[in-house]
Every structure is written in C-alpha cells, then in structure tokens.
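Enquirer: Sharing a model prediction with you, sequence too.
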Amino acid sequence: MPLVVAPIGRELRIIKILTDEKTKKHLENLGITISSTISIISQSGGSTICSVKDARLALDRNLATKILVA
C-alpha cells in the first residue's frame, strides 16, 4: 500500500520506491531504503510526517504515494 494510506502509529516496512534514480538516492541519504522501517506520525494538509531511524521527515503527498509499504 502507498505510504499516504498507511495507518498512523504502526511500524511498516518499505517494500518498493517508485521514483527516478536521483530521488531514490536522496531518499536513501535520508534513511528511506528498501526493507527499512518507517512509521507515520501524522498526516495533514497533503503532507505525511513520518519517523525513520530516530528522525522525523515531512514528505509531500506526491512523493508519499510513490513509497510502498507493508
């Protein structure tokens, strides 16, 4: 399921990232990689606030729809 429809507060595993290589590399530098864990803190105003490796990140709706989790 895309990150934008994932439940809040549950730890999820990233299974696929559907972006170009430049964006994938940027996300990897932020800790968002295949098989890493991520959890949603909140969703509002088109942004998704998530927790990755003890850091909080804000992702816009467009990018969050391209990150698939299970």
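Expert: Nice, thanks for sending it over.
Enquirer: which residues of this protein fall in strands?
Expert: 11-17, 37-44, 47-52, 55-60, 67-69 (DSSP state E).
Enquirer: Could you pull up the contacting residues of Ala70?
Expert: Met1, Leu12, Arg13, Ile15 (CB atoms under 8 Å, 6 or more residues apart in numbering). C-betas here are computed from N, CA, C, even on glycine.
Enquirer: And those, which of them are buried?
Expert: Buried members of the contacts of Ala70, counted by 16 or more other CB atoms under 10 Å: Leu12.
Enquirer: And the furthest pair within the contacts of Ala70?
Expert: Met1 and Arg13 (11.5 Å; CB to CB).
Enquirer: Quickly list what's touching both of these two.
Expert: Val69, Ala70.
Enquirer: Run a quick neighbour tally on Ile34.
Expert: 12 (other CB atoms under 10 Å).
Enquirer: out of everything not next to it in sequence, what's closest to it?
Expert: Closest residue to Ile34 apart from its sequence neighbours, by CB to CB, 6 or more residues apart in numbering: Ile14 at 5.8 Å.
Enquirer: contacting residues for that neighbour?
Expert: Ile32, Thr33, Ile34, Ser35, Ser36, Thr37, Ile38, Ile67, Leu68, Val69.
Enquirer: Contacts only, for the first one.
Expert: Residues in contact with Ile32 (CB under 8 Å, 6+ apart) are Ile14, Ile17, Ile38, Val52, Leu57, Ile67.
Enquirer: hmm, 10 Å instead?
Expert: 3, 14, 17, 24, 26, 38, 50, 52-53, 57, 59, 63, 67 (CB atoms under 10 Å, 6 or more residues apart in numbering).
Enquirer: Also Ile15?
Expert: Met1, Ile34, Ser35, Ile67, Leu68, Val69, Ala70.
Enquirer: Between those residues, which sits nearest Gly45?
Expert: Among the contacts of Ile15, and counting by CB to CB, the member closest to Gly45 is Ile67, at 18.2 Å.
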